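>>> here is my input; please provide its structure:
(chains A, B and C)
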Amino acid sequence: MPELPEVETVVRGLSRVLEGEVLRHVETRRDTLRFPIPQKFAEILKGKRVKDLSRRAKYGLIHMEDAPDVIFHLGMSGRMRLLGAGAPDFEKHDHVIFETGKGEVIAFNDPRRFGFIDFLNEDGSHPMLEKLGPEPLSNHFNGPALAEKLKGKKSPIKAAILDQSVVSGVGNIYACEALYEAGLSPRRSAHTVQGQRAERLANTIREVLTRAIAAGGSTLKDYAQVDGELGYFQHDFRVYGREGEACRNEGCDADIQRLVQSGRSTFYCSKCQR
DNA sequence: ACCACTACCTGAAGGC
DNA sequence: TGCCTTCAGGTAGTGG
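Down below sits the predicted model:
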């Protein structure tokens, strides 16, 4: 499910339910996701109040009063499910449960278990946050900053923008979409994206992510916002998942092609992207 | 140092 | 109906 726009949507949804609330009940229903869940995770959080939530790249952060902050990652298949108050209807793969003082129940559900949940260090650091590049929607991300990161990189530009140390939060869908909007071939060597090209790409990355957030993210299989609403940005895809379909650029008669780069599908138009 | 590939895990979809 | 293969929104670790 989750690239930056989906995580942003989930964090906003969770904020509405959790901010300012005491965690009346916390429960871990297995010991390990991608990494082990910390010992006494539930015990440490039980009875503590949530200050607020934030997002860094594809990570959600739950800031606590008088307890360590929580970091979570949704992996490929993670969701946060908001369950009605009363007797919650748990499903398979509901691994971690939070209940607020008002009786709202949140379940972290992740069939593939590529996600994880952990505590931040006291200074707000975490090993997973160390190598992250700039937030694409912040002022630190722009053409020159991107060009600098791409300098000397021999890998294809598609692989480079999936590299979280170049720009953080962009995943396979939005990498494809941003390259299409920028008119750049996914196979182009990253180091050739300088000057105007870098400017253009930085802009399309920001635009695509911003539009996706406004649409509540993208729903492929079962991604849902916290309240169960679906995202709908998938209707705006220009290339992702559209192999063999017509390019949507005015005056282009080519079909969208699919190729595999470092083990992942790339969708692009070979006429519009150079 | 850089880059591509594998491994991690489950489930859905398609072919036979 | 069922078995087998392929594919999926991510990323740490490995080996060239």
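
>>> from here on, contacts and neighbour counts on C-alpha atoms
Will do.

>>> what residues are up against A:E43?
Applying C-alpha atoms under 8 Å, 6 or more residues apart in numbering to A:E43 gives the contacts A:V26.

>>> and it, how far from DNA strand C?
A:E43 sits 26 Å away from DNA strand C, taking C-alpha to the nearest atom of the strand, to the nearest Å as the criterion.

>>> do the same with A:A85
Note on A:A85: its distance to DNA strand C, by C-alpha to the nearest atom of the strand, is 26 Å.

>>> how many other residues sit next to that residue?
When neighbours are defined as other C-alpha atoms under 10 Å, A:A85 has 14 of them.

>>> that one: what's it in contact with?
So, once contact is read as C-alpha under 8 Å, 6+ apart, A:A85 ends up touching A:G103, A:E104, A:V105.

>>> got phi/psi on it?
The phi/psi pair for A:A85 (degrees, to the nearest 10) reads phi -70, psi 170.

>>> so A:H25 sits in a helix?
No. Secondary structure assignment places A:H25 outside any helix; it is strand (DSSP: H, G, I helix; E, B strand; the rest coil).

>>> can you report how many residues lie near it?
Using other C-alpha under 10 Å as the criterion, A:H25 is surrounded by 18 other residues.

>>> same question for A:N121.
Around A:N121 there are 12 other residues, counting by other C-alpha under 10 Å.

>>> also A:L14?
Under the neighbour criterion other C-alpha under 10 Å, A:L14 is assigned a count of 23.

>>> phi, psi for the residue nearest to it when sequence neighbours are not counted please.
The spatially closest residue to A:L14, leaving aside those adjacent along the chain, is A:V226, at 6.6 Å (C-alpha to C-alpha, 6 or more residues apart in numbering). Dihedral angles phi and psi of A:V226 (degrees, to the nearest 10) take the values phi -60, psi -40.

>>> for the one 3 residues further on, same thing?
Per-residue torsions, A:E229: phi -60, psi 150 (degrees, to the nearest 10).

>>> how near is it to A:P2?
For A:E229, the distance to A:P2 equals 15 Å [C-alpha to C-alpha, to the nearest Å].

>>> neighbour count winner among the two?
Neighbours around A:E229 and A:P2, counted as other C-alpha under 10 Å, are more numerous at A:P2. The numbers are 26 against 11.
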